[in-house]
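# sequence first, then the predicted structure:
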Amino acid sequence: MHPGVTGRLLTCVAVVLFITACSRDPKPGTPEAAAAGDRYMRSMSDTLAHSQSFAFETSERIEVFATSGQKRELRFTRKVSVRRPNALFFDLHGEGDTAFDIAAYYDGQTLTLSEKPGGDWAQTTVPGSLDGMLDDVARRFDLPVPIGDVVYSSPYDAFIGSSTKGGLVARETIDGVSCVKLDYADDLVDVRLWLPTSGPTLPRRIEIAYKKAATPLVSQLNFTSWKLDVPVADAMFTFQPPASHDKIEFGDFVTMLDSRIIPAEERAASAATPEAKPAGQPAAR
């Protein structure tokens, strides 16, 4: 073989080996893995924060772990529309034996929850921003909103608090989409995120394990049908009260929803008390 050809081949092999080495993911738990995860999280946060309106759909699963050791599983689908800084709508529909058909309307002044179609409804006055509304209902009514982390003005700050540890741990394929898997934890929750390795950095899957809840549970959300910067009319966020049902207390409505996820006897059997989220960290999840 001609010496020049041999040299070029050796150079090509060296370049391929160099690229392979550079593309290898860092070992989980190392500072390099934390830095890689941080880059993906900031990219996701910037993509969502810079979109003034967006919509997405989810398929969701909640696993509730009873004190007896038994596990209950509930399944939902959800359609969500967001307009920054102060408008949100979603409808949540239970699948199979899960009895849920709920719509939520936030118009910058009030949050309304309504049982569809034309059933009981409740409304409460809330702060005039998405961040403020999500934190307010979480603190006043112990109402977690699993989609809240992606709705906040800074999703990065919603996921990553001062005590949060973690980073990139693996690469996995979700429904045919190549994703990085990120794993984070603090005193209250374990959070796993799957973000695509190409295209817009938008969540493909999120899992949240509530470690200090009265009854331990894990929530998984699978995201599809992302649409960024789509126009959304005011009517989407406006609730029209049904003539057939009167307004009920917001706290009573939340208690009714809670009872469908965690039966009253199971809540009573749980001796643990939910801990408050550390100051300065979003409370919505």
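Structure's in. What do you need? Numbers count the residues shown, from 1 in each chain.
# C-alpha only now, for contacts and for neighbours.
Noted.
# quick one: secondary structure of Arg260?
In three-state terms, and counting by DSSP: H, G, I helix; E, B strand; the rest coil, Arg260 is helix.
# quick one, what contacts it?
Applying CA atoms under 8 Å, 6 or more residues apart in numbering, one finds that Arg260 lies in contact with Thr98, Ala99.
# let's see 10 Å
Counting by CA atoms under 10 Å, 6 or more residues apart in numbering, Arg260 touches Leu74, Thr98, Ala99, Phe100.
# cool, and Thr98?
Glu73, Leu74, Arg75, Phe76, Arg260, Ile261.
# cool, Glu172 as well?
Applying CA under 10 Å, 6+ apart, the residues contacting Glu172 are Ser178, Cys179, Val180, Lys181, Trp194, Leu195, Pro196, Thr197.
# try it again at 8 Å.
Glu172 neighbours (CA under 8 Å, 6+ apart): Ser178, Cys179, Val180, Lys181, Trp194.
# can you tell me which of these are buried?
Ser178, Cys179, Val180, Lys181, Trp194 (16 or more other CA atoms under 10 Å).
# any idea which of those residues is closest to Arg61?
Trp194 (15.8 Å; CA to CA).
# confirm for me that that closest one is in contact with Leu182.
Yes - counting by CA atoms under 8 Å, Trp194 does reach Leu182; the two are 6.3 Å apart.
# could I get the contacts of Arg260 as a markdown table with distance to Glu172, secondary structure and pLDDT?
Output for those, formatted as a markdown table (distance: CA to CA, whole Å; DSSP: H, G, I helix; E, B strand; the rest coil; pLDDT from 0 to 100):
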| residue | distance to Glu172 | secondary structure | pLDDT |
| --- | --- | --- | --- |
| Leu74 | 25 | strand | 92 |
| Thr98 | 29 | coil | 77 |
| Ala99 | 32 | coil | 76 |
| Phe100 | 31 | coil | 85 |
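# between those, which sits nearest Thr173?
Leu74 (24.0 Å).
# not counting sequence-adjacent ones, nearest residue to the closest one?
Counting by CA to CA, 6 or more residues apart in numbering, Ile62 is the residue found nearest to Leu74 once chain neighbours are left out, at 5.2 Å.
# rewinding a little: got the buried ones among the contacts of Glu172 as CSV, with pLDDT and distance to Val145 columns?
As requested, the buried ones among the contacts of Glu172 are exported to CSV (pLDDT from 0 to 100; distance: CA to CA, whole Å):
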residue, pLDDT, distance to Val145
Ser178, 97, 27
Cys179, 98, 24
Val180, 98, 24
Lys181, 98, 22
Trp194, 98, 19
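# which one of those is nearest to Phe54?
Trp194 (19.3 Å).
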